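Asker: no FASTA, just this:
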């Protein structure tokens, strides 16, 4: 579903083919975060909790990098091939996406 209007998107996104893989990874991350909350509730050892937090961060970074790669291979490349102006716009969008990813 499109987060902006609640409707299913009509355009395939760059990650569409890997969507199920991303959803599976994100469900695992969700479970890991719940596990961390339980660890804190149980007053577990700090370094054990930090280890799990680092694992969640790394898993999310992998999702972000995969999405970025899909964006470049699908959205940016397609735009550059079909319309130079749209290609320039997608390159600017890519720069923004890289900045976001680097703040991970």
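Answerer: Here it is on my side, so go on. The structure presented is a predicted model; accordingly, all values stated were derived computationally and were not measured.
Asker: what about this structure, any weak spots by pLDDT?
Answerer: Filtered on pLDDT under 70, the chain yields the residue ranges 1-11, 104.
Asker: Nearest residue to the middle of this protein?
Answerer: The residue lying closest to the centre of the chain (C-alpha atoms, centre = their mean) is residue 64, at 3.3 Å.
Asker: Just the helices from the protein, written as ranges.
Answerer: Using DSSP state H, the helices found in the chain span residues 19-41, 46-70, 77-82, 84-102.
Asker: can you list contacts of the first one?
Answerer: What it means is helix 19-41. Helix 19-41 is contacted by residues 13, 15, 48-49, 52-53, 55-56, 59-60, 62-63, 66-67 when judged by C-beta atoms under 8 Å, 6 or more residues apart in numbering. Yep, even glycine has a C-beta here, placed from its N, CA and C like the rest.
Asker: can you check the shortest one too?
Answerer: Residues from elsewhere that reach helix 77-82 (C-beta under 8 Å, 6+ apart): 86-87, 89-91.
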